[in-house]
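Novice: quick one: sequence plus predicted model below, questions after.
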Amino acid sequence: KALQYQGQQHITLAAVIDYAVRNNPRLRISDKEIIAETYGINTAKAERMPRIDFGSGATRYRYAAPLTPIVISGPVGPGTDFPDFERNVYDVGGYFRFPIFKGGRLVRGVQVAEMKRSVAQDNYSTTRQELVYNLTSVFYKILELEKLLEANEATVKQLEAHKRDVEVHLKTGTAPKLDLLKADVELSHAQERRLLVKNSLESTYELLKTLMGIDDMSSGIAIEPGPQSKEAAMIPALDESMQKAFSQRPEYVAVMKKKKISEEKVKIAWGKRLPDIYAAGEYSGKSGDSLAFKENWSFGLKMMLPVFDGGLIRSEIDKERNELEKVKEEERFLKIAITREVRDAHLGIANAEERVTVTGKAIASAKESLRVELLKYDTGSGTSTDVIDAQTALLRAETDLCQALYDKEVALALLRKATGEGGGDLQ
């Protein structure tokens, strides 16, 4: 069931993705494309079925025309049955047509329509994977900004406490007024950084609501990390990731199908050089102003063979062959892009893991350094500048750790997208 937003709610990444899959407009458009291509299959199959039409008309001739064909057998005499002639002719009847052979276009038309629907399904999976990746990136960006906001809030409080200590030392004459000015300036900078992070956080929440497909943009939501797996994510080897990407990446699967479609379209265009064979018949009646209809019927087998068309069929064949070459280049481009994306994901994961290790040690050192500088300042052996520098170093280390932690999560999401995982079932 879709989430019901009433006021501010705390939701996990799984809930965000679940809601977005049901409400994101772009994904729903992709779903409609599948339905449209299904109708295309029905249309292609209908081309192979007999067609029955009803028709009627009224025609005025300059000279009187016969209502039925003139058929005279034997000598002409008083008993000869001549057809009625009328200048105003009214006709009504049923018409039948059944295609028998069209150069393979009937069968291939159905095959192409089925492949187009399959491509639409792959496009849906591609859109879903991109949506999941974008949601994951934005989700972890929000978590990163919230941690940064907490760190900036802590920095502001510590600088406010430091400013109060400087004021006390200033009153006792153990600190110069310059220390108070430095504390004021650094506190103003910290408050400005806190405001910038808060604004970025609000803007990122708006982006998340847009991706989720929430119509009421004024609704408030809040996210939570959700349960974390205690087991480290298993990172496949680069070669294994490449094999998975080229076997299950929906974009690549789709372009291979598009190549097959283009090949079939070349054959369809070439098939127009072959004869069209079909059965046709009609049952109709004609009358004059008296509305005394004369019935007639016909049934036969017909063939149409193109002899001269001004190069039309040749142009269609060349056009489809050119489309085939375009698809082959698209396949080549996609192969290069997928290779780069998989490599980037592996590099991003390795880089983030190294940064987490380094920044974790840096935070411990920065906290100890700040503790020492505060003690030194309280005892009169340190300076306000040293305290501020230590506080700045701690904030920078905490910021780097937040970015490294969430960059790793985003890199893992990119790897899943690059290898074609997380496409999900069609809705």
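Specialist: Structure's in. What do you need?

Novice: how about the strands in the stretch 251-400 of the chain?
Specialist: Remark: strands assigned in the stretch 251-400 of the chain by DSSP state E, counting those that start in this stretch are 276-287, 294-304.

Novice: in its sheet, what does the helix or strand harbouring D53 sit against?
Specialist: Assigned by DSSP states H and E, D53 belongs to strand 51-66. Within its sheet, and counting by DSSP bridges, strand 51-66 is paired with strand 85-101 (antiparallel).

Novice: quick check, A175 in a strand?
Specialist: No - according to DSSP: H, G, I helix; E, B strand; the rest coil, A175 belongs to no strand; its state is coil.

Novice: can I get stretch 253-273 as CSV, trimmed to CA atoms?
Specialist: The C-alpha trace of stretch 253-273 is given here as CSV (Å, rounded to 0.1, in the frame of the first residue of the first chain):
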residue,chain,number,x,y,z
VAL,A,253,19.5,-6.3,-23.3
ALA,A,254,17.2,-3.8,-24.9
VAL,A,255,19.7,-2.6,-27.5
MET,A,256,20.4,-6.2,-28.6
LYS,A,257,16.6,-6.6,-29.1
LYS,A,258,16.5,-3.3,-31.0
LYS,A,259,19.2,-4.7,-33.3
LYS,A,260,17.1,-7.8,-34.0
ILE,A,261,14.1,-5.6,-34.7
SER,A,262,16.1,-3.5,-37.2
GLU,A,263,17.2,-6.7,-38.9
GLU,A,264,13.6,-7.8,-39.2
LYS,A,265,12.6,-4.4,-40.5
VAL,A,266,15.2,-4.7,-43.3
LYS,A,267,13.6,-8.1,-44.3
ILE,A,268,10.1,-6.6,-44.1
ALA,A,269,11.1,-3.7,-46.4
TRP,A,270,12.7,-6.2,-48.8
GLY,A,271,9.5,-8.3,-48.7
LYS,A,272,7.6,-5.5,-50.4
ARG,A,273,9.3,-6.6,-53.7
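
Novice: about what we covered before: and of the strands of the stretch 251-400 of the chain, who's closest to K45?
Specialist: Taking Cβ to Cβ as the criterion, K45 comes closest to strand 276-287 out of the strands of the stretch 251-400 of the chain, the separation being 16.8 Å. Quick note: C-beta positions are derived from backbone N, CA and C, even for glycine.

Novice: buried stuff in that closest one?
Specialist: For strand 276-287, burial by neighbour count (16 or more other Cβ atoms under 10 Å) applies to D276, Y278, G281, E282, S284, G285, K286, S287.

Novice: hang on, the earlier thing: would you mark the buried spots in the strand holding D53?
Specialist: A65.

Novice: by how many degrees do it and strand 294-304 diverge?
Specialist: Interaxial angle of strand 51-66 relative to strand 294-304 (axes from the mean of the first three to the mean of the last three Cα atoms, to 10 degrees): 120 degrees.

Novice: about what we covered before: can you put the strands of the stretch 251-400 of the chain in a markdown table and add mean pLDDT and distance to R416?
Specialist: Formatted as a markdown table, these follow (pLDDT from 0 to 100; distance: least, Cβ to Cβ, whole Å):
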| stretch | mean pLDDT | distance to R416 |
| --- | --- | --- |
| strand 276-287 | 94 | 51 |
| strand 294-304 | 92 | 55 |
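
Novice: for A154, see how far away V372 is.
Specialist: 18 Å (Cβ to Cβ, to the nearest Å).

Novice: list the contacts for I223?
Specialist: Remark: with contacts taken as Cβ atoms under 8 Å, 6 or more residues apart in numbering, I223 is in contact with H10, I11, T12, L13, V16, F139, I142, L143, L208.

Novice: who are the neighbours in contact with R87?
Specialist: R60, Y61, R62, Y63, A64, A65, G288.

Novice: apart from its chain neighbours, what residue comes closest to the fourth one?
Specialist: Spatial nearest neighbour of Y63, chain neighbours left out: R87 (7.3 Å); criterion: Cβ to Cβ, 6 or more residues apart in numbering.

Novice: can you pull the pLDDT of that neighbour?
Specialist: pLDDT recorded at R87 is 93.

Novice: for the stretch 51-200 of the chain, give me the ranges with low pLDDT.
Specialist: Across the stretch 51-200 of the chain, the ranges flagged by pLDDT under 70 are 72-74, 76-81.

Novice: kind regards, and thank you for your time.
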